[in-house]
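K.L.:
Here is a sequence with its predicted model. Questions after.
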Amino acid sequence: MENLLIHFSPHKDPSSTLGCTAFAGSDSYSLKDICEVRDGYQTDIFNKISEKGAMPKFSNINNDTSFSLIFDKESNIHELDLVAEDKETRDTWVDAIKHLIVTLKSLSHQKEYELYLKNQFRKADSNNSGYLDFEEAKDLCKSLNIKLEKEDLRNLFNEANTEKSDPASKEKGEVLNEDEFVSFYYKLMRRPEIDEIFRRYTKNSNQSNRMTPEALLDFLKEEQKDDLAIEECKEIVKNFESSADKTSFTKEGFTHFLMFNDWQELLSPISRTQVKADQMVHPLSHYWIASSHNTYLSGNQLTGESSIDAYINALKWGCRCVELDCWDGDEGDPIIYHGHTLTSKILFKDVVEACKKYAFEKSDFPLIFSIENHCSLEQQDRMAEHLVSILGDMLYTELIQDDEKNMPSPMSLRGKILVKAKRLPPSATGDDDDNEDESDDDERDESKKKKDKKISKKLSDLVNYIHAVHFPGFNNNDAKFFHMSSFGESKTKKIIGDPETARDFVKYNTKQLSRIYPGAKRQDSSNLKIVEPWCAGCQIVALNYQTDDRQNHLNRAMFAANGGSGYILKPKFLRDSITAYSPTSPSGLNRSEFPSLILSVDILSGQHIPRPHGVDEGEVIDPYVEVKIRGHPDDYNEPDNHKETESVHNNGFNPTWKQSFVFTIKVPEVAFLEFKVKDHSHSGKDQHLGSYAIRIKDTQEGYRRAYLLDYSGKELKPASLFVKIN
């Protein structure tokens with residue numbers, strides 16, 4: 001290992017390729033790109049080998065010696081499947097790499113930043129001397145998106161070069177060592193907006209240029225709306241002050257506190273990591289539920305690859321409803337793929353095995369298997385057998401009691417998997433015809449239109465609280481609370497676009513589940529606009545998780561809070577069937593009960609804003625920030641709720657804007673605050689550099705840090721915005 005790299009050399013003997021595809025790619029991998037190590041047969045390649053294990057060329061591969069390295073999605077590296085000589089060697093590698101991954105993930109923001117600085121030093125040290133000369137420092141500034149006059153840069157370089165008076169300590173003294181480089185870096189990263197806050201809260205201090213714990217307490221109460229004890233403030237100073245005197249803050253210590261303390265982010269660490277147990281006791285119909293469409297696909301809808309990794313990735317993101325598109329397999333075992341297309345096929349049982357392992361890794365709360373059933377009776381029976389034998393006690397099979405009137409709560413279903421599928425009538429004693437289709441004819445792919453199909457009693461018996469039915473219309477007397485209908489994109493728009501049916505839809509969603517899915521024309525796996533059905537109370541709005549777009553960005557913002565559980569309690573007006581509310585404009589809400597919100601947003605500065613597509617070379621950017629309110633039409637269609645800053649010329653390293661905006665938000669309960677940083681272009685299209693989105697209800701007040709992400713969900717650390725929220 002060197003510089004957090006694992007070096008890998010594939011076996012050189014061509015006769016020992018073991019039937020796997022030829023190795024192609026890098027000979028080293030960064031530990032920071034590895035998100036998981038799996039032992040045994042837990043990837044698509046190994047699953048295929050397990051099916052053909054009797055073949056001679058696979059005789060040296062077995063479950064006990066196999067393991068796989070899984071990489072972060074944004075790294076664009078395919079999983080690396082490996083075979084050790086024996087189980088002991090395999091287990092040693094698996095345990096060691098797992099330990100290193102956990103250690104890296106547990107690093108504080110400050111330690112992470114120090115690693116980043118050391119990496120910048122190594123990249124700038126082009127001749128590997130262990131020092132930076134002035135020309136290397138100048139090249140570094142260009143790569144960091146900084147454009148300074150040569151004289152100003154020389155002055156900063158000389159200020160940091162404290163040992164130049166001692167020629168014996170370094171080559172000619174006109175270079176920076178690693179410690180001096182850190183000093184030089186922080187001088188480049190000067191933060192006048194933080195200096196101003198520091199001066200304001202130290203002007204009455206009896207300690208020159210120091211912030212006492214008492215002054216910090218005042219800052220936290222006045223600005224951050226945090227009610228801490230003086231003992232906690234003393235501990236904060238002790239942990240973040242960089243000088244020897246750790247009884248009060250220097251300007252640098254206070255800056256480190258605002259830069260690196262988790263509590264100073266827009267979303268609090270409590271919201272991000274802890275579930276609000278008291279909010280998890282409502283019926284399932286009262287929640288927005290993180291949901292995936294055609295979960296098996298890792299690409300487009302026609303030729304994309306089907307993979308168990310697509311399920312694993314969705315579950316790791318906190319998805320709580322995955323789709324299984326089931327068809328008859330050649331060997332008597334059901335398969336999953338997008339029917340009548342060129343998408344690849346995977347075994348139903350392999351998907352269930354993978355989901356069993358990862359179902360509750362991110363969230364303890366119920367997982368829904370949304371089954372699209374295209375199988376014969378025999379293979380439906382096989383599906384039911386796999387579900388029962390693989391999932392065991394995880395599979396929720398309790399019958400609905402006669403006295404039940406509402407869906408059970410997420411809390412009561414912790415650790416359980418529910419099956420959403422068609423169900424036979426209660427009077428049925430054996431397999432029977434299904435003459436209902438839950439989907440919409442105008443939305444479904446032609447391949448999914450089918451004649452009446454028999455339903456297996458074995459599979460039907462596994463369906464309870466999520467019984468898929470064709471939508472019978474609103475105010476249907478035969479509707480039950482456990483009936484769930486799916487609505488295509490165009491039908492959903494039509495319903496929400498009409499004020500009368502839009503209100504009916506809201507009322508329907510207080511009692512029953514609805515599933516919204518992208519239209520069949522989206523063969524490129526693009527996504528529907530997700531906020532509109534959320535505003536109508538639709539719980540299961542299914543997205544193509546594999547697509548890097550704004551809708552998935554907003555989806556991650558929606559489900560970032562409540563401990564990432566995948567369940568967010570809807571506001572009262574989306575849970576109470578008698579509340580006057582419409583998802584169209586005007587909302588019709590009673591303002592005495594659901595008041596508007598005045599939101600003040602100051603865009604103060606940015607740090608380490610990347611070039612387009614994350615490249616290190618090219619023109620220095622001219623960044624600006626778009627600020628938008630997304631949510632109810634009353635808010636999103638309001639022109640004053642779309643703002644942008646001026647662009648800062650030639651500075652992506654530490655641009656300062658200091659611009660203030662005020663937004664009037666009429667329905668804050670369903671609103672999002674979105675920042676989008678762009679590069680101002682004088683000739684072409686302005687390029688997207690990074691974004692951040694958060695629910696208004698999850699936003700902390702005060703001076704806050706927002707780490708930028710790309711649309712894949714990758715944090716572009718240390719790229720961030722420094723803002724003030726009131």
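P.N.:
The structure has been received and is ready for your questions.
K.L.:
Tell me the buried residues in the one helix or strand residue 122 maps to?
P.N.:
In this structure, residue 122 sits in helix 109-124 according to DSSP states H and E. Neighbour-count burial for helix 109-124 flags 109, 110, 113, 120, 121, 124 (criterion: 16 or more other C-beta atoms under 10 Å). Any C-beta I mention is one placed from the backbone N, CA and C, and that applies to glycine too.
K.L.:
Just give the nearest non-adjacent residue to the second one, would you?
P.N.:
Leaving out its chain neighbours, the residue that sits closest to residue 110 by C-beta to C-beta, 6 or more residues apart in numbering is residue 260, at 4.2 Å.
K.L.:
ok, residue 281 - contacts?
P.N.:
Residue 281 sits next to 409, 411, 412 when contact means C-beta atoms under 8 Å, 6 or more residues apart in numbering.
K.L.:
Weed out the non-buried ones from these.
P.N.:
409, 411.
K.L.:
Closest one to residue 724 out of the contacts of residue 281, please.
P.N.:
residue 411 (36.8 Å; C-beta to C-beta).
K.L.:
Not counting sequence-adjacent ones, nearest residue to that closest one?
P.N.:
Nearest to residue 411 is residue 280, by C-beta to C-beta, 6+ apart, at 4.2 Å.
K.L.:
Tell me the pLDDT of that neighbour.
P.N.:
Note for residue 280: predicted pLDDT of 96.
K.L.:
Ok, residue 168 next?
P.N.:
pLDDT for residue 168: 51.
K.L.:
about what we covered before: residues in contact with the helix holding residue 122?
P.N.:
In contact with helix 109-124 (C-beta under 8 Å, 6+ apart) are residues 3-4, 107, 132, 136-137, 139-140, 143-144, 178, 181-182, 185, 240, 256, 259-262, 616, 717-718.
K.L.:
again, but for stretch 349-358
P.N.:
So stretch 349-358 is contacted by 42, 47, 296, 308, 311-312, 315-316, 322, 324, 333-334, 336, 367, 369, 386-387, 390-391, 394, 417 (C-beta under 8 Å, 6+ apart).
K.L.:
Restricted to helices, list these.
P.N.:
Taking DSSP state H as the definition of helices, the contacts of stretch 349-358 contribute 47, 308, 311, 312, 315, 316, 386, 387, 390, 391.
K.L.:
who wins for neighbours among those?
P.N.:
residue 311 (27 neighbours; other C-beta atoms under 10 Å).
K.L.:
So it sits against residue 298, correct?
P.N.:
No: using C-beta atoms under 8 Å, residue 311 makes no contact with residue 298, being 10.1 Å away.
K.L.:
In CSV: the ones in helices among the contacts of stretch 349-358, plus distance to residue 426 and pLDDT.
P.N.:
As requested, the ones in helices among the contacts of stretch 349-358 are exported to CSV (distance: C-beta to C-beta, whole Å; pLDDT from 0 to 100):
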residue, distance to residue 426, pLDDT
47, 38, 82
308, 35, 94
311, 32, 96
312, 36, 94
315, 33, 96
316, 38, 94
386, 25, 98
387, 21, 98
390, 27, 97
391, 24, 98
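K.L.:
Of the residues you listed, which is the nearest to residue 726?
P.N.:
residue 316 (35.2 Å).
K.L.:
And residue 568, its phi and psi?
P.N.:
Dihedral pair for residue 568: phi -120, psi 120, per degrees, to the nearest 10.
K.L.:
contacting residues around it?
P.N.:
When contacts are counted by C-beta under 8 Å, 6+ apart, residue 568 is found next to 287, 288, 558, 559, 561, 562.
K.L.:
from the residues you listed, which ones fall inside helices?
P.N.:
Short answer: those in helices (DSSP H) are residue 558.
K.L.:
Any chance of the contacts of residue 568 in TSV with pLDDT as columns?
P.N.:
Shown next, in TSV, are those (pLDDT from 0 to 100):
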residue	pLDDT
287	98
288	98
558	98
559	97
561	96
562	96
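K.L.:
among the contacts of residue 568, who's most crowded?
P.N.:
When neighbours are taken as other C-beta under 10 Å, the top entry among these is residue 287 (27 neighbours).
K.L.:
That one and residue 539 touch, don't they?
P.N.:
Yes: in this structure residue 287 lies within contact range of residue 539 using C-beta under 8 Å: 6.1 Å.
K.L.:
where do the contact lists of those two overlap?
P.N.:
By C-beta under 8 Å, 6+ apart, the residues touching both residue 287 and residue 539 are residue 570.
K.L.:
quick one: whichever helix in the chain runs longest to helix 109-124, angle?
P.N.:
Criterion DSSP H: the longest helix present in the chain is helix 87-105. If you take axes from the mean of the first three to the mean of the last three C-alpha atoms, to 10 degrees, helix 87-105 sits at 100 degrees to helix 109-124.
K.L.:
and helix 87-105, which residues are buried?
P.N.:
Buried-residue list, helix 87-105, by 16+ other C-beta under 10 Å: 90, 93, 94, 97, 100, 101, 104.
K.L.:
circling back to that earlier point, take the contacts of residue 281 and keep only those in helices.
P.N.:
In helices, judged by DSSP H, none of the contacts of residue 281 are found.
K.L.:
Let me know the closest of the buried residues of helix 109-124 to residue 497.
P.N.:
Residue 497 lies nearest to residue 109 out of those, by C-beta to C-beta, at 45.0 Å.
K.L.:
For that closest one, give its distance to residue 674.
P.N.:
Separation of residue 109 from residue 674 (C-beta to C-beta, to the nearest Å) stands at 23 Å.
K.L.:
now residue 457
P.N.:
From residue 457 to residue 674 the distance is 49 Å (C-beta to C-beta).
K.L.:
One more: residue 659?
P.N.:
16 Å.
K.L.:
Just confirm residue 265 contacts residue 703, I think it does.
P.N.:
No: counting by C-beta under 8 Å, residue 265 sits too far from residue 703 to count as a contact (11.0 Å).
K.L.:
my guess is residue 458 meets residue 384, correct?
P.N.:
Yes: counting by C-beta under 8 Å, residue 384 is a contact partner of residue 458 at 3.8 Å.
K.L.:
show me the contacts for residue 236.
P.N.:
By C-beta under 8 Å, 6+ apart, the residues touching residue 236 are 213, 216, 257, 261.
K.L.:
just those residues now: which is nearest residue 526?
P.N.:
The shortest approach to residue 526 among the contacts of residue 236 belongs to residue 261, at 38.4 Å (C-beta to C-beta).
K.L.:
which non-adjacent residue is nearest that closest one?
P.N.:
residue 240 (6.8 Å).
K.L.:
okay, now the one you found: neighbour count?
P.N.:
20.
K.L.:
Quick check, pLDDT for it.
P.N.:
For residue 240, the predicted pLDDT is 87.
K.L.:
roughly how far apart are it and residue 90?
P.N.:
42 Å.
K.L.:
Could you check how far residue 229 is from residue 413?
P.N.:
39 Å.
K.L.:
Who has more neighbours out of these two?
P.N.:
Neighbour totals were compared for residue 229 and residue 413, and residue 413 leads with 21 against 9 (other C-beta under 10 Å).
K.L.:
What's the separation between that one and residue 365?
P.N.:
7 Å.
K.L.:
Over to residue 478?
P.N.:
30 Å.
K.L.:
What of residue 127?
P.N.:
According to C-beta to C-beta, residue 127 and residue 365 sit 55 Å apart.
K.L.:
who has more neighbours, the two?
P.N.:
Each of residue 127 and residue 365 has its neighbours counted (other C-beta under 10 Å); residue 365 has more, 25 against 9.
K.L.:
Check which helix or strand residue 555 maps to.
P.N.:
helix 550-558.
K.L.:
Tell me which residues of that helix come out buried.
P.N.:
550, 551, 552, 553, 554, 555, 556, 557, 558.
K.L.:
before we move on, what about stretch 356-373?
P.N.:
356, 358-360, 362-373.
K.L.:
starting at the chain centroid, how far to it?
P.N.:
Between the centre of stretch 356-373 and the centre of its chain there are 17 Å (C-alpha atoms, centre = their mean, to the nearest Å).
K.L.:
Ends of it, what's the gap?
P.N.:
20 Å (C-alpha to C-alpha, to the nearest Å).
K.L.:
which residues touch residue 294?
P.N.:
Shown in contact with residue 294 (C-beta under 8 Å, 6+ apart): 301, 323, 325, 338, 525, 544.
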